[in-house]
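Asks: 3D, please:
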Amino acid sequence: VALVVAVTWVAAVVAPTPHGSAASLSSVIAVRQAELVCPQAGGAGTGPAAGGALASGASPAGAARIAYADSGAADSGDSHLATQPLGAGSSAVPVAAQPDHGWVVDGPAASTPMQISVSGSLTDTLSAVQFTRAMVGTVPQASAVQCDGPTTDAWFAGFSSNVGAHATLLLSNVDTAQASVNVSIWGGQGGEPTVRQGIVVAAQTQVVVALDQIDPGLPAAVVHVSATAGRVVPAVRADAENGSIPLGVDWLPRTAAPATTQTVPGILGDAGSRQLVVGDPGTLDATYSLTAVTSDGAFVPTDFTSLTVAAGAVSQVSLDPVLQGSAAAIVVTSTQPVVVGGISTSPPDGTGASDFAFTGAAPPLSGPTVIAGGEISAQRDTELVMSAPGAQDAAVRVVVLPTQPDSAPVVNDMTVAGGTTTVLDLASLTIDPAPGVVVIPEGGGPLFAAWSLDEVMQDSSDLTELVLQTPIRTLLRPPVRLDPAAGLP
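Replies: Numbers count the residues shown, from 1 in each chain. Below is the predicted model of the structure:
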């Protein structure tokens, strides 16, 4: 199992000083503190360790990776980084940061939610990813998930509750007050969602919710997590099997809230099947079209100009006839707000086992965005899938962050042509066994990106994927003004 940290995360506030008693301008507040949760770190794991041991041996049980990178500013000494099991009685363990590099931290021996606390200028340049590689039957399968911060609203799309499929929602509370959460599930032919209201998550605890037991028999589903009191860090894990044959395990990324235009990056290339999941949580049927953004350009497939998903329903669209093994981003344009996700599935091996990875709709990158924990070896391939769906080219700088102490970052400036998708194999830039990556949009058209790890062992293939989203590093404080009547009845 692994925790991977690299440049990106945020949360907290430095209060501005009001300018006089009259109305003042809005203030931009820098975020200088964050609490992140890795939802299921630790436990018995298999596979390579990060860093120098990657190519030469198996990792110990519960191995965890934390990679850090500084995207420009030197550490001023005001930063603090620590990790601990989620819980009131646990003790924080300081973690030494290594600017411009990745590094490795072992996870706990038993599977448990882990809390990562960061403060100071390091908040601008820190991101965490939990990474697990475990044996499922006789097949090693990897899964990765961002260690995320608390929220009051989150959407996930693409899990199944059919026979043999399982979906688990983990709700973690890092605050000192309890949270109350509503969970709504859409799927099947439409209608009202299945709702569970008032799920209590006590302070500094985690609650596990079996989504497949709440609403079984759904080929594909969408879930909305809404906190009516307090905040939680939600995470969804999906796995499937056919008897003793594993069919996949991975975490779903948070996907964008319902909208009439959604862009889904990271539809992976190569062999296997590719599915798009479109859910309509509203009360009106949605008519939508798909634009495929591939290396050959952007186009609307003839059969995908006018598709319909009923109100309250979730539909699956096979992208295989259109993509034919090409990596892509998919742009969904709809008459009603929809929720969208994607599923990339590897071809079955000789025993029938396969694996899958999930992607979701995301906004374009708006600044330096970092992901860590890549793996490069003869059997493992880490790639960036970058798409510029607009007409204008997108300039991008990719910085590879090494794990070797004496190695310098590798800078690669490139252009993603407008209306295309480009796949960058990190092995073309570095031989480092476990590099982190900073993706920096440099201007031009909007840029979307995803990170993928593909492992090929004998005749089996193992997938995991993360969608890149730029963290919010500042907050906008409304104008301050004097109100003599404030507080009066």
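
Asks: now do the helices in the stretch 251-400 of the chain.
Replies: 320-323 (DSSP state H, counting those that start in this stretch).

Asks: the stretch 101-250 of the chain too?
Replies: 211-214.

Asks: flag the shaky bits of it, pLDDT-wise.
Replies: 104, 137-139 (pLDDT under 70).

Asks: number of residues surrounding Thr283?
Replies: Using other CB atoms under 10 Å, Thr283 has 9 neighbouring residues. For every residue, glycine as well, the C-beta is placed using N, CA and C.

Asks: residues contacting it?
Replies: Ala311, Gly312 (CB atoms under 8 Å, 6 or more residues apart in numbering).

Asks: per-residue pLDDT, it?
Replies: Per-residue confidence (pLDDT) for Thr283: 96.

Asks: try Gly374
Replies: Value for Gly374, per-residue pLDDT: 85.

Asks: do the same with Asp459
Replies: 62.

Asks: check Trp251 too.
Replies: On the pLDDT scale, Trp251 is placed at 96.

Asks: ok, Gly72 next?
Replies: In this model, Gly72 is scored at 41, pLDDT.

Asks: for Ala427, grab the count of nearby residues.
Replies: Other residues close to Ala427 by other CB under 10 Å number 17.

Asks: quick one: buried residues of the strand ranked longest in the chain?
Replies: Looking across the chain with DSSP state E, the single longest strand is strand 328-345. Neighbour-count burial for strand 328-345, counted by 16 or more other CB atoms under 10 Å, picks out 328-332, 334, 336-345.

Asks: Pro85: which of those is nearest?
Replies: Closest approach between those and Pro85, by CB to CB: Gly341, at 30.4 Å.

Asks: now the end-to-end length of stretch 265-276.
Replies: The first residue of stretch 265-276 is 11 Å away from its last residue (CA to CA, to the nearest Å).

Asks: give me the mean pLDDT for it.
Replies: Mean predicted lDDT for stretch 265-276 stands at 94.

Asks: sorry, back to before: select, from the buried residues of strand 328-345, the two members most distant in space.
Replies: Once CB to CB is applied, these give Gln336 and Thr345 as the farthest pair, at 28.1 Å.

Asks: strands along the stretch 251-400 of the chain, start to end?
Replies: For the stretch 251-400 of the chain, the strands defined by DSSP state E, counting those that start in this stretch occupy 259-267, 273-279, 286-294, 297-299, 307-309, 314-318, 328-345, 356-360, 369-371, 380-388, 394-401.

Asks: what's the fifth one packed up against?
Replies: Put plainly, it is strand 307-309. Applying 3 or more CB pairs under 8 Å, 6 or more residues apart in numbering; DSSP states H and E, we find strand 307-309 packed against strand 273-279, strand 286-294, strand 314-318.

Asks: using JSON lines, please lay out these together with mean neighbour count and distance to Arg397.
Replies: Listed next are the helices and strands packed on strand 307-309 as JSON lines, based on neighbours: other CB atoms under 10 Å; distance: least, CB to CB, whole Å:
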{"stretch": "strand 273-279", "mean neighbour count": "24", "distance to Arg397": "29"}
{"stretch": "strand 286-294", "mean neighbour count": "21", "distance to Arg397": "21"}
{"stretch": "strand 314-318", "mean neighbour count": "19", "distance to Arg397": "34"}
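
Asks: could you export those strands as TSV, including distance to Pro389?
Replies: Output for the helices and strands packed on strand 307-309, formatted as TSV (distance: least, CB to CB, whole Å):
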stretch	distance to Pro389
strand 273-279	15
strand 286-294	5
strand 314-318	18
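
Asks: what's near enough to touch the nearest residue to Pro281 once chain neighbours are set aside?
Replies: Of all residues not flanking Pro281 in the chain, Trp186 sits nearest, at 5.4 Å (CB to CB, 6 or more residues apart in numbering). By CB under 8 Å, 6+ apart, the contact set of Trp186 is Pro193, Ala221, Val222, Val223, His224, Gly279, Asp280, Pro281, Gly312, Ala313, Val314.

Asks: kindly recompute the last result at 7 Å.
Replies: Trp186 makes contact with Pro193, Ala221, Val222, Gly279, Pro281, Gly312, Val314 under the criterion CB atoms under 7 Å, 6 or more residues apart in numbering.

Asks: dig out what Ser180 forms beta bridges with.
Replies: Beta bridges link Ser180 to Val200, Ala229, judged by DSSP bridges.

Asks: from what I see, it and Ser226 are in contact.
Replies: No. The pair Ser180 and Ser226 does not pass the contact test of CB atoms under 7 Å, sitting 9.8 Å apart.
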